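Trainee: take this sequence and fold it.
(chains A and B)
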Amino acid sequence: MAIDYMINIKEGCDCSLEDTLASLKEGEIITDYYKSLFLNYYRVTSENDEFVSALEGLDCIESVIESPEYNAIDLSSQIEELNNN
Amino acid sequence: MISARVRQRTVFSRIEENLKSSEPLEVIIEVDERRKDKVARELDRVGKTLNVFDYVPYVAALMEPKDAQAVANHCFGRGSDRFYSRLFTSSLSALRGIDVASEFSIIPVTEKKNEFVVPFEEMWHLTNIGAYSARQYATGKGVRGGIIDTGIDYSHKELVGRFESLKGVDIIDDGSPMDQNGHGTHVAGLAAGQTVGVATGMTLYAIRVLDENGSGSEVGVMQGIEWAMDNELEIVNMSLGSGYATRAFEELCNLAYKQGMVIVAAAGNDGAKYKSYPAAFGESVIAVTAVDSNDNHAYFSNMWETNDISAPGVDILSSFPGDRYKRLDGTSMASPLAFGSLALGLEIVKSSEPLEYTMKESAKELGFGMAPDEQNEMYGAGLVQADNFCRRLAHMESINKKGEKLNLLEKILTWQ
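Mentor: Numbering: from 1, shown residues only, chains lettered A, B, ... in the order given. The predicted structure is shown next:
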């Protein structure tokens, strides 16, 4: 199952992170990536965190974290029951 | 132009169509302007007065079809029912006419293959927040809002006309934002559905950030918000949450808020003094708690100091994928009712600035006698009252326009 990671980067940094992510995607190490339009982070979707080692040495990276999980706020068993009926 | 005689025939036939049913009809009664409050009080004896219009001589009410027929008989000269002569002790002569409010009439919906009728009482979530009466001010027309959720079944008959060619975005699979869970379609129906929703004229966008199990990542939710910002949506609803959030998520919500986006979120269903993000971010997010049909706090609804407003969230009927309708409980259901009401406000004032304050000021206070902090944690400012909210905004807007005219006049006079 794919997991979402957040790579926080330093403001104004213009390093080769985007190129690195593109090649990781091409090599199917990661599933996808997205650069934030407004803040300094990337979203990386991957099956595991093996891609992190490929980022070593890139100065602009502040942190890589596994993104917290968010859920629909219903009483979730209700939806499950409705879909099963 | 329709003649009075044809109109009367239409009214009688529409009432007669409903006579076999005991379901109440939504009617608009024309009355003597000076006596409309008295009529409203007396109408409450046979049904329920929904609204006494401020600027026109009409009263909206719910009543049994046979009662509506008796009023029509009186108004259109077919003789007075003795019962009505007694009931309207002082206002019978103030009744001028009656019409059936078509947009409020009972709409048949289909569940699976068995047709059934949704009784008007099922729409208590709309009645309790004054959503019907609010329609005289706005329907959300021209307002663009995003439902950040499991996607939406945008082909659902409840949502016909609510989408443009761009349906939204699928952050999960990079495909279509069609709902594969049901949650988002239920939420969208309450926001803007034609029979179960509040803002029946707004434009919706499905922003799919939760998968078929109703789960997703924070960074995916953030991407959804960025899509909404990039596409210049004015308002978003997030009936989703987590007990943990990064600073980046809060920063993004703050940025969107400062850019004028209205962000509405469900308070959470942990049923305790517990915070759920994004609802607990504070100023940038309008956090919505849930109440039941008697305006009592819903047992599952989170209590937290950032709660802003209450809306119905127990046993709420709304759209479900495949042209079905289902009942669900949750602050997820309360949030889109507030979202829809705010969309009405956006149509009136075209600005996010006065919305939260005015919504709180116009709310129905709940939890009398409680300590202020406790009351706020449980109910926020109280129950959304969409009609009062829109009335205040419309009043503010008319004052602003008068002010603009005066300024213009002053400039012209200065030039002269």
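Trainee: which one is the spatially most central residue of chain B nearest to, not counting chain neighbours?
Mentor: In chain B, the residue lying closest to the centroid (CA atoms, centre = their mean) is B:Val198, at 2.8 Å. Excluding its sequence neighbours, the residue lying closest to B:Val198 (CB to CB, 6 or more residues apart in numbering or on different chains) is B:Gly340, at 2.8 Å. For every residue, glycine as well, the C-beta is placed using N, CA and C.
Trainee: how many other residues sit next to that neighbour?
Mentor: B:Gly340 is flanked by 33 other residues according to other CB atoms under 10 Å in any protein chain shown.
Trainee: and the contacts of the helix or strand of chain A with the lowest mean pLDDT?
Mentor: Within chain A, confidence by mean pLDDT, DSSP states H and E is lowest for helix A:77-84 among all helices and strands, at a mean of 71. Outside helix A:77-84, the residues within contact range by CB atoms under 8 Å, 6 or more residues apart in numbering or on different chains are A:Ala72, B:Asn181, B:Gly182, B:His183, B:Gly214, B:Phe320, B:Lys326, B:Leu328, B:Asp329, B:Gly330.
Trainee: my guess is the fourth one contacts B:Gly214. True?
Mentor: Yes - here B:His183 lies in contact with B:Gly214, judged by CB atoms under 8 Å, at a distance of 5.6 Å.
Trainee: more neighbours: which of the two?
Mentor: Using other CB under 10 Å as the criterion, B:His183 and B:Gly214 rank with B:His183 on top: 31 against 23.
Trainee: wait, what's in contact with the more buried one?
Mentor: A:Ala72, A:Asp74, A:Ile79, B:Asp149, B:Thr150, B:Leu210, B:Gly214, B:Ser239, B:Ser332.
Trainee: what pLDDT does it get?
Mentor: Looking at B:His183, its pLDDT stands at 95.
Trainee: hmm, the lengthiest helix in chain A touching chain B?
Mentor: Ranked by residue count, the top helix of chain A under DSSP state H comes out as helix A:17-26. No - Helix A:17-26 stays clear of chain B (CB under 8 Å from any CB of the partner chain), getting no nearer than 12.7 Å.
Trainee: which strands and helices lie in contact with the helix or strand that that helix is followed by?
Mentor: As assigned by DSSP states H and E, the chain's next helix or strand after helix A:17-26 is strand A:32-35. Judged by 3 or more CB pairs under 8 Å, 6 or more residues apart in numbering or on different chains; DSSP states H and E, strand A:32-35 is in contact with helix A:17-26, strand A:41-46.
Trainee: kindly export the helix or strand hosting the residue nearest to B:Val198 (C-alpha atoms) in CSV.
Mentor: When elements are assigned from DSSP H and E, B:Gly340 belongs to helix B:331-349. Taking C-alpha atoms only, helix B:331-349 is exported to CSV below (Å, rounded to 0.1, in the frame of the first residue of the first chain):
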residue,chain,number,x,y,z
THR,B,331,-20.3,16.1,12.9
SER,B,332,-19.6,15.3,9.2
MET,B,333,-23.2,15.9,8.6
ALA,B,334,-23.4,19.1,10.7
SER,B,335,-20.4,20.7,8.9
PRO,B,336,-21.9,20.9,5.4
LEU,B,337,-25.1,22.4,6.8
ALA,B,338,-23.0,25.3,8.1
PHE,B,339,-21.0,25.3,4.9
GLY,B,340,-24.2,25.7,2.8
SER,B,341,-25.4,28.5,5.0
LEU,B,342,-22.1,30.3,4.6
ALA,B,343,-22.3,29.9,0.9
LEU,B,344,-25.7,31.7,0.9
GLY,B,345,-23.9,34.5,2.8
LEU,B,346,-21.2,34.7,0.2
GLU,B,347,-23.7,35.2,-2.5
ILE,B,348,-25.1,38.2,-0.6
VAL,B,349,-22.0,40.0,0.5
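Trainee: mean confidence (pLDDT) on it, please.
Mentor: Helix B:331-349 comes out at a mean pLDDT of 97.
Trainee: contacts for the following helix or strand past that helix?
Mentor: Next along the chain after helix B:331-349, taking DSSP H and E as the criterion, comes helix B:355-361. For helix B:355-361, contacts defined as CB under 8 Å, 6+ apart pick out B:262, B:286, B:308-309, B:338, B:341-342, B:345-346, B:349, B:380-382, B:384, B:389, B:392-393, B:396.
Trainee: can you rerun that using 6 Å?
Mentor: For helix B:355-361, contacts defined as CB atoms under 6 Å, 6 or more residues apart in numbering or on different chains pick out B:Ile286, B:Leu342, B:Gly345, B:Ala381, B:Phe389, B:Arg392, B:Leu393.
Trainee: thinking again about what came up before, which of the contacts of helix A:77-84 sit farthest apart?
Mentor: B:Asn181 and B:Asp329 (16.1 Å; CB to CB).
Trainee: more crowded one of the two?
Mentor: Neighbour count, other CB under 10 Å: between B:Asn181 and B:Asp329, B:Asn181 has more, with 24 against 21.
Trainee: nice, that's everything, thank you.
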